[in-house]
Every structure is written in C-alpha cells, then in structure tokens.
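1. Let's see this in three dimensions:
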Amino acid sequence: MALTAGIVGLPNVGKSTLFNAITKSQVEAANYPFATIEPNVGVVEVPDYRVDRLVEIVVPKKTIYTTFEFTDIAGLVKGASKGEGLGNQFLSNIRLTDAICHVVRCFEDNDVTHVEGSVDPIRDIEIINLELILADLQTIENRLSKVERKAKAKDAEGIAEKAVLEKVKAALEAEKPARSVELNKEESAVVKGFQLLTLKPMIYVANIGEDEINNPDKNEHYCKVKELAASENNDVVSISAKIEEELSVLDKEEKEMFLAELGIEESGLDKVIRASYHMLDLCTYFTAGEVEVRAWTFRKGMTAPQCAGIIHTDFQRGFIRAETISFEDMDTYGSEQAAKDAGKLRSEGKEYIVQDGDIMHFRFNV
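-> Reported below is the predicted structural model:
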C-alpha cells in the first residue's frame, strides 16, 4: 500500500529543511519495488522494533521495513487557490496525497525572515487552511452547477448529490473544513470522488528551536498550536527541522547517541511517521522466514484475504487460510516452533480481521 502525506507550509517555516532530511533518509530503490521516485517525493522506512526482534529470531537473508511517502508541496502562499505562486501545481499534487502534514514555524530567528513579517503560527495556519477551503469551495461550486440540472430534472441520484454538496458548501462558506461535516456512508462515498483537500486528515508539525526539543511545552507558540489542534481533533508533533537534517546524515548508532545527548527518545521524523499512521488508521503485519522478514502496511479492519492481496492479488483470489502467530507470542517463545508447541499458532479463515503485529503465512490455491 503506497501511502503518502503531503508536506505544506508557508515559505521559511522549515518545510524544505524537513523535506531535505526526509530525502537524505530515503530508502534505496532496491527496497522499494515497482516505484519511480519523483524529485519531490521522499520514501522513508517506518521504524519498528518488532522487525528488529524478528530478524534476531529468524536470521533472514533479507529485511524489508514498510515504507511511507512524503510529497513536498511547493508554491503554497496566500492566494494559492487563485493560482498565486505555483498554486495550480500545488493543488494537483496535494489532491493525490492521503494526508497533510502542515509545517508551522514556532521558532524565533532574526536571520530567517517570515513572509508575513512576524512569527504567529495561528495566523499562518489560518492562511493555509483558508487557501485549502477556498480551493474546495471552487470544486464544490463547479460540481453543483452541473448537478443542479440533474436535480431539476427529478433525477434521484442528482437530488441526493446536490443535498450532500450543499451541506459541504455551507461548512466551507463558514470557513470550516469538509472533514468537520458529519456524513453517513452514502454521503461520504459521494464526496470522496472530489478529492477535497480539507477532507484529508491533517497533522500540524510545529518547528521549534533546537534548545526546546526536549521540552516543547516551554515554547509559547507550540502550546498555541497544540491547543488549536486539540479543538480540531488533529494531531500535533514538535520537531526541530535543523536537528532532523543533522540526524539524516548519521548512521543508526550515531543517531541513537545524538538523540541520547539531546535527551529525547525518537527523532521528529519518526514522530511524524507514527502520527501519520495513527491518523490514517494504519497497522502492520509481518511475514517472516529464512529468506525474508518483511513488514506490510494495512488499514485497520481489513480481513485476512484483503491483507493477503497486499502481497499479490493471487493470494487474495485463491485464499484458503492464514497461519498466524502474534508478535507477542513469537517474542515470548523465541521461535516459530516453540510458539507452535505452546499452541500459539492459529489457523484463521476468510472472516478474520487482521490485528496489528500478526505474523502471517498465507495458504492459497489459484
């Protein structure tokens, strides 16, 4: 599952510095099959201690972590919805992402100018969010002009679509995002096809000073962003883009030492990835054998055949069963055989809802 978050933000907020750190941390193409990586796309490994533990147990020839894509969205300034800056290009890029990471400047530095003349993250957030809302409003209005003709002709589908569009339009005109509108399953299906920008889940990435990274709550700007995020039911992550760029050129051991010196447990990039997973309801299952230990991303609620289909469509089409051991049991017993002997191997059928951390071997016949 290729999942991607678009990185947006005003000029000089640290967006480019963060994206540079991401591209320096990028996985090699050999570990990311069937993908041509565009210049504005960074593909990073999702850190997972469970993969490391499975490698200890199984000792495979190859290890593959699951990956996450970040797309750098350029040209987002005031007026972008009307084509200012690289507005039209930004709109087309961001519509293709699953989520939005909104980088907000929360650091003071007289040597780094701010496009609006001062550091005010709430104002910056409002500027970006308004551009997204205006772009969505234009999309809705364009569609309404077409649907109204169908509705006037008493077309049932047209009437239903018009009602949904008007509901979303009312929220956008009140400067509220489309995701704030309560929609039932049928209404959500209608709206999904329009790829509305404000329907996408959002994380605020607060870029703070290097000296505040181990205690972000002492940053007044960050606290304001956190309060706003809570009111919107969005996540917020504190990072120092400068530190992320320094970390990106270090190997694993050097990185761990640097983080320990800073008094923090994980990098900002790792926090952003974790928050993105949480926001998108993503989980991980594993395949483990002598040839390869591999992590696979799936959405919460997927069945065993659907998860098998992530590996290959034939696995889903010819699904028979999934031999499954939880990571906790594999970790506790120290080997697949010991887990089997303890009765921890389960044979799951087509209705099984895969759980985060399941280690699976799919049986299929095509």
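2. if you average pLDDT over the longest helix anywhere in the chain, what comes out?
-> As assigned by DSSP state H, the longest helix anywhere in the chain is helix 121-152. Rounded to a whole number, the mean pLDDT of helix 121-152 is 89.
3. Show me which positions of it end up buried.
-> Of the residues in helix 121-152, those buried by neighbour count under the rule 16 or more other C-beta atoms under 10 Å are 121, 124-125, 127-129, 131-137, 139-140, 143-144, 147, 151. All C-beta atoms are positioned from the backbone trio N, CA, C, and that covers glycine.
4. what does stretch 228-241 give?
-> For stretch 228-241, the neighbour count (16+ other C-beta under 10 Å) marks L228, A229, E232, N234, D235, V236, V237, S238, I239, S240, A241 as buried.
5. Could you tell me which of those are located in helices?
-> In helices, defined here by DSSP H, the members of the buried residues of stretch 228-241 are L228, A229, E232, A241.
6. So which of the residues you listed is the closest to E187?
-> The nearest member of those to E187, counting by C-beta to C-beta, is E232 at 20.8 Å.
7. For stretch 132-142, what is the distance to the chain centroid?
-> Counting by C-alpha atoms, centre = their mean, to the nearest Å, stretch 132-142 is centred 23 Å from the centre of its parent chain.
8. Check stretch 173-181 too.
-> Chain-centre distance of stretch 173-181: 21 Å, with C-alpha atoms, centre = their mean.
9. Compute the first-to-last residue distance for it.
-> Stretch 173-181 stretches 12 Å from its first residue to its last (C-alpha to C-alpha, to the nearest Å).
10. how about the residue lying farthest from the centre of the chain, phi and psi?
-> What lies farthest from the middle of the chain is A153; by C-alpha atoms, centre = their mean that is 41.6 Å. Dihedral pair for A153: phi -80, psi 10, per degrees, to the nearest 10.
11. L144 and R363: what is the separation?
-> 50 Å (C-beta to C-beta, to the nearest Å).
12. returning to that earlier point: so can I have CSV of the buried residues of stretch 228-241 showing pLDDT and distance to T63?
-> Listed next are the buried residues of stretch 228-241 as CSV, based on pLDDT from 0 to 100; distance: C-beta to C-beta, whole Å:
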residue, pLDDT, distance to T63
L228, 94, 40
A229, 94, 35
E232, 89, 38
N234, 90, 34
D235, 91, 29
V236, 95, 32
V237, 94, 27
S238, 94, 30
I239, 94, 27
S240, 93, 30
A241, 89, 29
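13. Quick check: the two most widely separated of those?
-> Using C-beta to C-beta, the two most remote members of those are E232 and S240, lying 23.7 Å apart.
14. leaving aside the residues next to it on the chain, what's closest to V112?
-> Leaving aside its sequence neighbours, V112 sits nearest to N12 (C-beta to C-beta, 6 or more residues apart in numbering; 5.6 Å).
15. May I ask which helix or strand encompasses the spatially most central residue of the chain?
-> The residue lying closest to the centre of the chain (C-alpha atoms, centre = their mean) is S276, at 3.6 Å. Assessed by DSSP states H and E, S276 sits inside helix 268-279.
16. Return the set of buried residues in that helix.
-> Across helix 268-279, burial judged by 16+ other C-beta under 10 Å covers G268, L269, D270, K271, V272, I273, A275, S276, Y277, M279.
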